[in-house]
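>>> Sequence and predicted model, in that order:
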Amino acid sequence: MQNTDVASDYTIKLHEQACLDPIFNCEDRQDFDFAHRGLIHRPDDPAIFDGDGDPAWHHAAFEQFLLGDAPDTVHSSLCRHALLNNYRGLFKVTDGVYEARPESLANVTFVECDTGYIVIDPLTTVKVAAYALNLFYGHIGKNPIVAVIYSHTHVDHFGGVKDMACEDDVRGGKIRVIASHGFVEWVLKEQGLAAEGMPSRNDYMYGENLPVSPTGIVDTGLGQAIEGGEVSCIEPTDIIGTEGGSLTIDGVDLEFMYAPGEAPTGMHCYIPRFKTLHVADNRYMYLQHARSPECSPDSDGNRRPR
């Protein structure tokens with residue numbers, strides 16, 4: 001029986017050939033500089049645990065085999081990608097704008113207001129959302145959440161909302177929840193009608209049930225894996241139509257553009273006070289040899305966090 005823990009000569013040869021491709025420039029460290037920029041604090045917890053004591057999101061399990069050279073069983077570009085996805089913790093994007101990344105498959109953004117905070121994309125499950133919020137509060141300060149913005153309908157951008165916003169406070173008007181036209185419809189379609197097929201799809205696409213190892217799951221491309229725990233949702237109080245719109249929340253002006261793309265409905269959010277545009281998954285970094293303008297301020301000082 002073949003030992004699957006050891007790469008075949010054929011695989012090793014393909015990996016060596018790939019490393020000679022100029023697209024995979026392993027000497028270019030700019031991506032690592034970008035990934036580290038703005039870091040305020042990197043936690044040293046071994047994992048984020050659910051209520052049963054099981055890991056809802058791994059830290060050490062993914063990091064321990066990423067030290068040193070890429071294993072023969074892992075393409076060096078995937079190993080590099082996994083390393084970049086493990087630049088985690090609390091980051092400052094600019095004055096008044098912070099992100100916890102990647103303590104979930106997605107990132108959560110916190111925007112300072114006059115008396116509280118706006119949360120953009122409250123992660124996938126309530127446990128990872130609680131972890132990210134405590135991380136933020138512990139280093140920036142505790143003030144009330146006054147609004148939550150869902151950038152689009154994928155669960156990693158809304159599923160942790162009930163740890164960051166109390167549903168009673170939403171109903172009582174203390175917290176606003178903002179989403180784009182068609183949000184509820186598409187959440188029901190994707191997470192309800194299509195829910196029977198989603199676990200199998202994710203297992204096949206991400207390899208979620210593989211062991212965390214150089215011969216199992218190394219990285220999904222978006223991040224480590226789908227996290228465990230409870231998924232939640234709170235119905236929006238404010239809908240941004242297809243023509244876009246603007247709101248002022250707790251002294252902060254917000255400008256919205258309807259922008260379906262990576263999801264069937266979604267929106268971008270520009271915050272003039274901080275010259276920051278939030279586009280979520282409608283934009284990603286190019287390959288490491290390309291210079292993407294989202295990594296540094298434009299000539300007018302605008303920043304574009306993921």
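Structure's in. What do you need? None of the values given here were measured: they were computed from a predicted structure.
>>> so residue 74 sits in a strand?
No: counting by DSSP: H, G, I helix; E, B strand; the rest coil, residue 74 is not found in a strand; it is coil.
>>> State the distance from it to residue 107.
24 Å (Cβ to Cβ, to the nearest Å). C-beta: built from backbone N, CA, C; applies to glycine.
>>> Repeat that for residue 39.
From residue 39 to residue 107 the distance is 13 Å (Cβ to Cβ).
>>> what residues are up against residue 6?
Residue 6 is in contact with 72, 73, counting by Cβ atoms under 8 Å, 6 or more residues apart in numbering.
>>> Next, it: secondary structure please.
Residue 6 ends up coil, using three-state DSSP.
>>> May I have the distance across stretch 122-131, first residue to last?
11 Å (Cα to Cα, to the nearest Å).
>>> Can you pull out the residues in contact with it?
48-51, 56-57, 103-106, 108, 132, 148, 155-165, 226-232.
>>> Of those residues, which belong to helices?
Among the contacts of stretch 122-131, the ones falling in helices (DSSP state H) are 132, 161, 162, 163, 164.
>>> Now do the same contact list for the residue nearest to the third one when sequence neighbours are not counted.
This points to residue 162. What sits nearest to residue 162 in space, not counting adjacent residues and going by Cβ to Cβ, 6 or more residues apart in numbering, is residue 232, at 3.7 Å. Shown in contact with residue 232 (Cβ under 8 Å, 6+ apart): 125, 126, 159, 160, 161, 162, 163.
>>> will you turn those residues into TSV that also has pLDDT, neighbour count and distance to residue 15?
Formatted as TSV, the contacts of residue 232 follow (pLDDT from 0 to 100; neighbours: other Cβ atoms under 10 Å; distance: Cβ to Cβ, whole Å):
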residue	pLDDT	neighbour count	distance to residue 15
125	93	28	35
126	94	22	40
159	94	27	36
160	96	33	37
161	97	25	41
162	97	20	44
163	95	22	41
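>>> how much space between residue 77 and residue 28?
For residue 77 relative to residue 28 (Cβ to Cβ), the value is 12 Å.
>>> So which of those two has more stuff around it?
Neighbours were counted for residue 77 and for residue 28 using other Cβ atoms under 10 Å; residue 77 has more, 18 against 12.
>>> Let me see the contact set for that one.
Residue 77 sits in contact with 18, 24, where contact means Cβ under 8 Å, 6+ apart.
>>> hmm, 10 Å instead?
By Cβ atoms under 10 Å, 6 or more residues apart in numbering, the contact set of residue 77 is 15, 18, 19, 21, 23, 24, 26, 70, 287, 288.
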